[in-house]
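Colleague: Here you go, sequence then predicted model.
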Amino acid sequence: MSYHLLALLLIPLVGSGLLFAWKGKTGKYVALVIALLQMLVTFLILNGFDSKLTVDSVLQHEINYPWSQFIKSTLHFGVDGMSMLLLLLTNILMPLIIYSSFNENVNYRNSFYALILLMQFGLVGVFTALDGLLFYVFWEVTLIPIWLIAGLWGQENKRIQFTTKFFVYTFVGSLFMLGAFIYVYLYAPSFGVTDMYNAELNINQQTVVFWFIFFAFAVKLPVFPFHTWQPDTYTYSPTQATMILSGIMLKMAIYGIFRYLLPVAPDAIAGISGSIVIMLAIIGILHGALIALIQNDIKRIFTYSSFSHVGLMVAGIFATAMLVMNGTFTIEGGEGALVQAFAHGFNIVGLFYCADILYKRFKTRDIRQMGGLARVAPKFAVLFMIVLLGSVGLPLTNGFIGEFILLKSIFDFNILAAIIAGITIILAAAYLFRAYGYSMFTTGDEEILASAKDLSVPEFTVMVSIAFVVIFFGIFPQPVIDLVSGSLKFIYQSMVS
């Protein structure tokens, strides 16, 4: 048994319970300390991690304890390269997200931080579960706290409408996934992930299973046309909830596609199903970018930007999967998707925090009513630009290498699809620089600008941390690629074995 991984699971769970019972006004500091401790344990696991072992699917830091012989499911957790990358993303971002709330005008109750830590517990479970039923349980665990955070602290006149839509979409999608897992289990020795890979399913059965599982992931990402819950949820949720949703939660579906979809239904992907998914992803890339161009609400601009970027990841994953099933073994699309998922997590959290900082200064999300902030907040102007350049995918920023590999993988599959996907890079620069130009350089309200201040200590700390990641992994992306390549070789090999 791995005590490090056990600690990683228990620290946020115990911390959440502690904060629910905490009576003082220091709950946010307790939450920050717990999140920093969680980050430290993650680095300890990384320090002893050997990504080369995962080529043969030798997992590290395993916990394996039978919890139901009747349904042949086990409490099986473990870490491979994919898990390690997403654990790093989760447990580095969580302290930043918690600290970002220290500058809020709202005095969040201790339950707010307790729900964030409960969310972190669920995310760690999702990224380490190696049993289909266990994965589903943790998938649902993540839904409840984020729904409560959005519903209790979201925009008052919109709470019921957008939280209900969000809950219905995601919960129904989850039920489809559960149904598919149970069906696969009927043809497999257990819910164990490798047993599910080896289930004896014909192509018709795989096709049904594929679409049931994909529906759950398509809603969570989201993929066109299952995205209609996203704009209102991202816009009207409190900033910290939007950060978690966009920066970490959607990566659950990226991870799920690799772990529980590609190797379970490979023949379906090789057929028309894979082509349909790539088509939907390409439509989503272009649709998101075009909608972002005409938005004036800065949170909606960043929301549709995220939607467009996610479509690129999905297209790359399935383009490579189809190449593998057609006899060309490559992991480029998977590498690009995971590198981009890691970069996107930091970039989109940074962008939504910038939107929050702008809202605090101008009391509006409409970029047409902003302007001139660069003159009175130069530190913010520089850091905002760094994060924005990472999102655009400028060379030597963290968004470049993943985007480049993804476009290469799509090009190898279909040149026209790659051209359409590539156009969105130009569109991304257009809508992101438009938002930056309006907020930073146009003529602003002098009365507002006279009272506007540059970044506070929490704002500066969070923005500098994210800007550092943008630059560091733009210059040194290879450690991320090395971390995940072994896992991806096993996943794609499992499709054809």
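Modeller: Everything's here; your move.
Colleague: can you give me how far the top helix by length along the chain is from the chain middle?
Modeller: The helix that spans the most residues within the chain, counting by DSSP state H, is helix 332-362. With CA atoms, centre = their mean, to the nearest Å as the basis, helix 332-362 stands 9 Å off its chain's centre.
Colleague: Output the contacting helices and strands for the very next helix or strand once past it.
Modeller: Using DSSP states H and E, the helix or strand that follows helix 332-362 in sequence is helix 373-376. On a contact count with 3 or more CB pairs under 8 Å, 6 or more residues apart in numbering; DSSP states H and E, helix 373-376 meets helix 332-362, helix 378-392, helix 415-440, helix 446-451. (Each C-beta comes from the backbone N, C-alpha and C, glycine too.)
Colleague: Report the mean confidence score over helix 373-376.
Modeller: On average, the pLDDT along helix 373-376 is 92.
Colleague: for stretch 178-196, same thing?
Modeller: The model assigns stretch 178-196 a mean pLDDT of 93.
Colleague: Residue ranges in the stretch 101-250 of the chain under the pLDDT threshold?
Modeller: The stretch 101-250 of the chain contains residues with pLDDT under 70 at 104-107.
Colleague: unless I'm mixing things up, residue 321 is touching residue 275, no?
Modeller: No. In this structure, residue 321 is not within contact of residue 275 by CB atoms under 8 Å, at 11.0 Å.
Colleague: neighbour count winner among these two?
Modeller: residue 321 (29 against 17; other CB atoms under 10 Å).
Colleague: quick one: the helix or strand where that one lies to helix 332-362, angle?
Modeller: In the assignment (DSSP H and E), residue 321 maps to helix 298-325. Orientation note: helix 298-325 sits at an angle of 180 degrees relative to helix 332-362 (axes from the mean of the first three to the mean of the last three CA atoms, to 10 degrees).
Colleague: Please name every helix or strand in contact with helix 298-325.
Modeller: The helices and strands touching helix 298-325, judged by 3+ CB pairs under 8 Å, 6+ apart, are helix 230-236, helix 250-256, helix 266-268, helix 274-293, helix 332-362, helix 398-413, helix 415-440, helix 478-496.
Colleague: May I see the buried residues of the longest strand that the chain contains?
Modeller: Taking DSSP state E as the criterion, the chain has its longest strand at strand 60-68. Neighbour counts over strand 60-68 (16 or more other CB atoms under 10 Å) mark 60, 61, 63 as buried.
Colleague: what does stretch 255-274 give?
Modeller: Neighbour counts using 16+ other CB under 10 Å place 255-271, 273-274 of stretch 255-274 among the buried residues.
Colleague: ok so, going back, which of the helices and strands packed on helix 373-376 is buried the deepest?
Modeller: Comparing the helices and strands packed on helix 373-376 by mean neighbour count (mean count of other CB atoms under 10 Å), helix 332-362 ranks first with a mean of 26.
Colleague: got the angle for that one vs helix 398-413?
Modeller: 140 degrees.
Colleague: got the angle for helix 332-362 vs helix 378-392?
Modeller: Angle of helix 332-362 versus helix 378-392, following the same axes, to 10 degrees, is 150 degrees.
Colleague: Burial check on residue 241, number of neighbours?
Modeller: Neighbour number of residue 241 under other CB under 10 Å is 29.
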